[in-house]
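In: Structure of the sequence below:
(one chain, ligands or ions: 1)
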Amino acid sequence: MGMTEERGEKAEEGLERILGNSILLTKLDAIIDWGRKYSFFLYPFVTACCGMEFMSLAGPRYDLDRFGSALPRFSPRQADLLMVVGTISHKQAPILVKIYNQMTEPKWVFSFGVCTTSGGFYDNYATVLGIDTLIPVDVYVPGCPPRPEMVIDGLLLLQKKVMREKWSDWPRGPAPVTKK
Ligand code: SF4
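Out: So this is what the prediction gives:
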């Protein structure tokens with residue numbers, strides 16, 4: 001071991017003795033992502049029967065506050081988690097894209113239920129066969145409707161994804177408005 005390394009180690013030991021457990025060192029990325037994962041601001045875009053299960057999820061029994069995502073916002077400009085709940089028709093598609101584009105970055109999209117994810121059993125001329133044909137999606141939760149536990153599992157997955165992300169992943173930029 002060189003003299004410089006030895007001095008470095010001694011200095012570290014000295015600091016540890018003086019500061020003890022009174023400070024916590026972390027990386028800026030990690031602390032910001034940790035804060036983000038516990039402070040989602042939801043914008044629910046609810047169009048169909050999955051909305052009933054969404055209401056149950058938002059109630060006290062499942063307590064979304066535990067995951068820092070209980071507060072729905074009434075403007076997409078104040079939200080960073082777009083919760084798309086229910087069947088999306090082609091007529092609604094430009095509105096969904098506009099809402100996504102109005103949200104602040106970084107932002108995430110949650111596909112709630114099989115209709116949102118793939119059109120479900122509405123394989124017809126009027127239905128969007130998956131919102132990922134319109135906007136980027138971060139988490140897909142299947143089910144018709146999904147049980148609240150499945151949605152909570154999806155939220156936990158999203159939290160893990162947020163922790164893996166880097167600042168350089170943002171901004172993603174606007175999603176294009178697609179016409180049928
Ligand atoms: S997935 Fe099922 S419950 Fe949800 S919107 Fe579609 S039909 Fe309704």
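
In: Please tell me the pLDDT value assigned to the residue nearest the centre of the chain.
Out: Against the mean C-alpha coordinate of the chain, by CA atoms, centre = their mean, the closest residue is residue 108 at 4.1 Å. pLDDT for residue 108: 95.

In: Same check on residue 136?
Out: What the model reports for residue 136 is a pLDDT of 95.

In: got the contact list for it?
Out: Contact criterion CB atoms under 8 Å, 6 or more residues apart in numbering gives 109, 172, 175 as the residues in contact with residue 136. Heads up, the C-betas are built off the backbone N, CA and C, glycines and all.

In: What average pLDDT does stretch 87-103 get?
Out: Confidence over stretch 87-103 (mean pLDDT, whole number) is 96.

In: repeat for stretch 155-165
Out: Taken as a whole, stretch 155-165 has an average pLDDT of 92.

In: quick revisit: near the nearest residue to the residue nearest to the centre of the chain once chain neighbours are set aside, how many other residues are there?
Out: Among residues not flanking residue 108 along the chain, residue 138 sits closest, at 4.5 Å (CB to CB, 6 or more residues apart in numbering). If you count neighbours by other CB atoms under 10 Å, residue 138 ends up with 18.

In: Please apply the same query to residue 161.
Out: The number of residues packed near residue 161 is 14, by other CB under 10 Å.

In: For residue 86, give its distance to residue 126.
Out: 14 Å (CB to CB, to the nearest Å).

In: Have a look at these two and say which one is more surrounded.
Out: Set residue 86 next to residue 126 and count neighbours by other CB under 10 Å: residue 86 wins out with 22 against 13.

In: is it true that the more buried one touches residue 114?
Out: No: counting by CB atoms under 8 Å, residue 86 stays clear of residue 114, with 10.4 Å between them.
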